[in-house]
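Asker: need a structure here:
(one chain, ligands or ions: 1)
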Amino acid sequence: MSSTPDSGQPTGPEHVHGRYRMTEVNGSLYGLNRPVSLVPIGQLVGASLEGCGPCQAAALDTVAADPALAARLCDLVGTGYQLRLGGLPPTMTDPDHPVSQVHPQLRRYFALGCTLRTGEGPNARVPLYEFMCGLDLAERRAACDNALDFLTGILALPW
Ligand SMILES: [Zn+2]
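Answerer: The predicted model follows:
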């Protein structure tokens, strides 16, 4: 997504996109011995929905740099699709889908996620964290960028 010129967005240290405030998730979910702050994901979603390109790009860099944040972003897409549409469609979960426009690594991620037990207990999503660790930064960023499109799309659906 590109930025919107002359959008009148304020800039500076107080410039935040707080519409989607997120706190943190227990990192044990991904096999980590630390909480994972989700503030960058909230900033990413907020900036995207508010059309602020510079903040979106910066937040995407932050999310993509942390495999746990990248995994959480993609997991939120899966949760959103489950809640709103009953699950992910084959175009998003089939790594070999012939016509899918979904990023191949994102499809592999979702395909792997479908093989795991559900729930948020300790170590429930370690393989997904490891998958993200196995991607190089450019691939992870591209997969996150694509995941963001799906997440904002789900959030934009009327309730
Ligand atoms: Zn901004």
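
Asker: got the residues of this protein near the ion?
Answerer: Within reach of the ion by CB under 5 Å from the ion, the chain has these residues: 47, 52, 55. All C-beta spots, glycine's among them, are computed from the backbone N, C-alpha and C.

Asker: I'd like to know how many residues surround the first one.
Answerer: Around residue 47 sit 27 other residues, with neighbours defined as other CB atoms under 10 Å.

Asker: give me the contacts around the helix or strand encompassing it.
Answerer: Using DSSP states H and E, residue 47 sits in helix 39-49. With contact meaning CB atoms under 8 Å, 6 or more residues apart in numbering, helix 39-49 is reached by 1, 16-23, 53, 55-56, 59-60, 62-63, 66, 69, 72-73, 76, 148, 151-152, 155-156.

Asker: any stretches of this protein with poor pLDDT?
Answerer: In the predicted model, the chain carries pLDDT under 70 at residues 1-14, 19.

Asker: in it, which spans are helices?
Answerer: Taking DSSP state H, the helices of the chain run over residues 39-49, 53-65, 67-85, 90-93, 104-114, 126-134, 137-156.

Asker: the most centrally placed residue in the chain: what's it in contact with?
Answerer: Nearest to the mean C-alpha position of the chain, counting by CA atoms, centre = their mean, stands residue 73 at 2.2 Å. With contact taken as CB under 8 Å, 6+ apart, residue 73 is in contact with 41, 44, 63, 144, 147, 148, 151.

Asker: wait, what's in contact with the fifth one?
Answerer: Contacts for residue 147 were tallied using CB under 8 Å, 6+ apart; they are 73, 74, 77, 106.

Asker: chain center to stretch 105-112, what's the gap?
Answerer: 12 Å (CA atoms, centre = their mean, to the nearest Å).

Asker: ok, now stretch 125-140?
Answerer: 12 Å.

Asker: name the residues that touch it?
Answerer: Contact with stretch 125-140 is made by 29-32, 64-65, 67-68, 70-71, 74-75, 105, 108-109, 112-113, 116, 143, as judged by CB under 8 Å, 6+ apart.

Asker: same thing but at 6 Å, please
Answerer: By CB atoms under 6 Å, 6 or more residues apart in numbering, the residues outside stretch 125-140 that reach it are 29, 30, 31, 64, 67, 70, 71, 105, 109, 112, 113.
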